[in-house]
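# Sequence plus predicted model, see below.
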Amino acid sequence: MPLSRNSADQQRWRQRPRATAAEPAPPATLPTVNDSPAVSPESLINQARYPLIARSTQEQSLRADVVSRAATELQNDGVAILPNFLTDSAVTTLVAEANELRPRGHFSEVWGTPYIGLPDPDVDPRHPRAYQGRTALSAIPYDVFPITGPTRSLYEWDPLTSFVADILGVEALFRYADPLGALNVAVMDAGDELGWHFDQTDFVVSIALQSAESGGDFVNAARIRTHDDERFDDVAAVLHSSLGEHDPLTQTVPMVPGTLMLFRGRHSLHRVTPIAGPTSRLVALLAYDTKPDTNSSELLKLVRYGRTA
């Protein structure tokens with residue numbers, strides 16, 4: 001979840017350690033090169049459904065159809081769901097890597113408004129800018145993933161970047177220059193959640209790796225606001241609704257491992273429901289931008305990863 005640079009925002013964050021997670025190792029001990037066997041990114045993809053490298057006319061037609069359908073979903077609903085994007089064996093491999101690296105993750109907890117800021121004391125208590133939600137999760141940063149490992153190899157694979165660009169309908173797409181946040185795996189354990197919020201980026205790309213036993217669903221109030229109209233009444237109705245998954249303004253998307261999701265969250269209010277049970281929810285977050293050399297703020301790095309380098 002992106003943060004502003006406002007110093008007041010920094011005060012609303014607090015970190016607490018996980019009993020099961022160690023403090024991040026110093027950079028000198030982090031994996032760099034050739035510390036795991038090389039993995040072919042293409043072997044991780046379900047090529048029968050998603051031929052990212054189209055070698056035949058049939059595959060070219062299939063790829064074009066997939067891109068067209070996903071782009072239409074993204075345009076109409078603000079979210080595109082591509083189920084079974086990874087093979088089952090790939091999911092197992094990426095989960096194993098995440099579990100091995102999770103002691104190097106960093107846990108953070110935050111209370112804030114859906115607009116990524118402090119509550120406004122001058123508005124009605126039920127106004128969205130007075131609402132405070134909780135976000136709690138751990139994040140495994142980019143620089144601890146081995147360069148030749150499966151997760152990093154997949155993120156740095158140009159055909160995947162081109163595929164995402166085609167769905168977004170952009171001529172050029174660039175991976176983030178952030179050494180910590182270009183790629184991360186979000187780990188959510190029992191009691192963790194992602195509170196209601198709007199994104200401050202134009203799009204988010206994620207791959208679901210592991211579901212929790214209960215909770216961890218993605219709930220989305222698609223296009224609830226526009227560039228010209230905040231529609232505070234509708235936003236407040238969602239924030240204070242007692243209807244849960246039956247709220248007509250929201251859609252619940254179950255967490256299914258192996259699914260690739262593209263989401264435009266700047267105008268869609270969304271959250272992840274609280275986790276219950278002993279199984280962690282694992283999601284890989286892949287950061288891209290339409291311009292090169294994009295980096296995250298120092299505040300975001302400090303909060304999300306516990307360090308800035």
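Yep, that arrived.

# measure Ser268 to His127 for me?
19 Å (CB to CB, to the nearest Å). C-beta here means a position set from N, CA and C on the backbone, and glycine is covered the same way.

# And stretch 135-147, end to end?
End-to-end distance for stretch 135-147, by CA to CA, to the nearest Å: 30 Å.

# whoops, I mixed them up, stretch 209-216
This stretch, stretch 209-216, spans 12 Å end to end (CA to CA).

# that older thread, comparing Ser268 and His127, which shows the higher neighbour count?
The neighbour comparison of Ser268 against His127 (other CB atoms under 10 Å) goes to Ser268, with 20 against 17.

# Can you verify my assumption that the more buried one contacts Ala221?
Yes. Between Ser268 and Ala221 there is a contact under CB atoms under 8 Å: 6.2 Å.

# what's around the nearest residue to Leu82 once chain neighbours are set aside, how many residues?
Leaving aside its chain neighbours, Leu82 sits nearest to Leu260 (4.2 Å; criterion: CB to CB, 6 or more residues apart in numbering). The tally of other residues near Leu260 (other CB under 10 Å) stands at 25.

# mind listing what Leu260 touches?
Ile81, Leu82, Phe85, Leu86, Val205, Ser206, Ile207 (CB atoms under 8 Å, 6 or more residues apart in numbering).

# Doesn't the last one lie inside a strand?
Put plainly, it is Ile207. Yes. Under DSSP: H, G, I helix; E, B strand; the rest coil, Ile207 sits within a strand.

# Show me what the helix or strand that contains Val66 is packed up against.
Applying DSSP states H and E as the criterion places Val66 in helix 57-77. Packing partners of helix 57-77 (3 or more CB pairs under 8 Å, 6 or more residues apart in numbering; DSSP states H and E): strand 79-82, helix 158-168.

# distance of the most far-flung residue of the chain relative to its centre from Ser297?
The outermost residue of the chain relative to its centre, with distances by CA atoms, centre = their mean, is Thr57 at 33.4 Å. Distance, Thr57 to Ser297, by CB to CB: 46 Å.

# and stretch 41-57, which residues are buried?
Residues Pro41, Leu44, Ile45, Asn46, Gln47, Tyr50, Pro51, Leu52 are the ones in stretch 41-57 that count as buried (16 or more other CB atoms under 10 Å).

# actually stretch 301-309, not the one I typed
Neighbour-count burial for stretch 301-309, counted by 16+ other CB under 10 Å, picks out Lys301, Leu302, Val303, Arg304, Tyr305, Gly306.

# what helix or strand does the closest residue in space to the fourth one that isn't next to it in sequence sit in?
Distances taken as CB to CB, 6+ apart place Ala139 nearest to Arg304, at 5.1 Å, with adjacent residues excluded. For Ala139, the host element (DSSP H and E) is strand 133-140.

# just checking, what packs against that strand?
strand 106-112, strand 183-188, strand 194-197.

# next SSE after it?
Criterion used, DSSP H and E; the element after strand 133-140 is helix 150-155.

# helices and strands around that next one, which ones?
helix 41-44, helix 88-101, strand 183-188, strand 281-286.

# Are any of the contacts of Leu260 buried, and if so which?
Ile81, Leu82, Phe85, Leu86, Val205, Ser206, Ile207.

# Now do the contacts for the first one.
Contact partners of Ile81, counting by CB under 8 Å, 6+ apart, are Glu73, Val253, Thr259, Leu260, Met261.

# rerun at 7 Å
Val253, Thr259, Met261 (CB atoms under 7 Å, 6 or more residues apart in numbering).

# buried ones in the helix holding Val66?
So, applying 16+ other CB under 10 Å, buried residues of helix 57-77: Glu59, Leu62, Arg63, Val66, Val67, Ala70, Ala71, Glu73, Leu74, Asp77.

# next one: stretch 130-140
Ala130, Tyr131, Gly133, Arg134, Thr135, Ala136, Leu137, Ser138, Ala139, Ile140.

# Kindly report the same for stretch 162-169.
Phe163, Val164, Ala165, Asp166, Ile167, Leu168.

# Quick check: the fifth one vs Phe232, distance?
Pointing back at Ile167 there. For Ile167 relative to Phe232 (CB to CB), the value is 31 Å.

# likewise Arg304?
Taken as CB to CB, the span from Arg304 to Phe232 is 28 Å.

# Which among the helices and strands packed on helix 150-155 is found nearest to Phe198?
strand 281-286 (16.8 Å; CB to CB).

# What's the mean pLDDT across the closest one?
For strand 281-286, mean pLDDT rounds to 98.

# Same check on stretch 299-309?
94.

# do stretch 246-257 as well
Averaging pLDDT residue by residue across stretch 246-257 gives 90.

# hang on, the earlier thing: could I get the buried ones among the contacts of Leu260 as a markdown table with pLDDT and distance to Arg281?
Formatted as a markdown table, these follow (pLDDT from 0 to 100; distance: CB to CB, whole Å):
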| residue | pLDDT | distance to Arg281 |
| --- | --- | --- |
| Ile81 | 97 | 17 |
| Leu82 | 98 | 19 |
| Phe85 | 98 | 17 |
| Leu86 | 98 | 16 |
| Val205 | 98 | 17 |
| Ser206 | 98 | 12 |
| Ile207 | 98 | 13 |
